[in-house]
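Colleague: return atomic coordinates for the entry below.
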Amino acid sequence: MVSGGKITIDVDLKEENADKLLNQEVDFDKPGNAQFYCLHCARYFIDDQALKEHFRTKVHKRRMKALELEPYSIEESEQAAGKGSYVPPKKRKIETQPTDKQDLRMETKD
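Modeller: Predicted coordinates for the structure are as follows:
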């Protein structure tokens, strides 16, 4: 069982899971009918404008910075506890997800 918000978000950032989350079926019980979702913060928004405004907030920027470090594995935690040589986690580059209109512009340029 996976516990903790950061671990589940790291799973959501994998390409196959991200595609499912960004292209969800309409769900009338969720804000914006589940069509406007921020992968990094795991939040739904009522429309595209609210999602774009969210991308400019401190909350989103802090989340992006927190996600730069890869999550610790069991082996890394044992190494840090003295059961081997410790290697610090690597940084990864996380970019804000593009919106649908931005995707269309990028595809037409290629």
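Colleague: C-alpha from now on. contacts and neighbour counts both.
Modeller: Will do.
Colleague: spatially nearest residue to Tyr72, not counting backbone neighbours?
Modeller: Nearest non-adjacent residue to Tyr72, counting by C-alpha to C-alpha, 6 or more residues apart in numbering: Pro89, 7.1 Å away.
Colleague: cool, Gly32 as well?
Modeller: Distances taken as C-alpha to C-alpha, 6+ apart place Ile46 nearest to Gly32, at 3.8 Å, with adjacent residues excluded.
Colleague: quick check: that neighbour vs Val87, distance?
Modeller: As defined by C-alpha to C-alpha, to the nearest Å, Ile46 lies at a distance of 42 Å from Val87.
Colleague: how about the helices in the chain?
Modeller: 5-12, 15-22, 48-55, 58-66, 74-80, 100-109 (DSSP state H).
Colleague: of the ones you listed, which is nearest Ala42?
Modeller: Evaluated over the helices of the chain, closeness to Ala42 peaks at helix 5-12, with 7.0 Å, by C-alpha to C-alpha.
Colleague: who's more crowded, Ile46 and Val87?
Modeller: Shown here are Ile46 and Val87; by other C-alpha atoms under 10 Å, Ile46 has more neighbours (15 against 9).
Colleague: quickly note the distance from that one to Asn33.
Modeller: Distance of Ile46 to Asn33, given as C-alpha to C-alpha: 8 Å.
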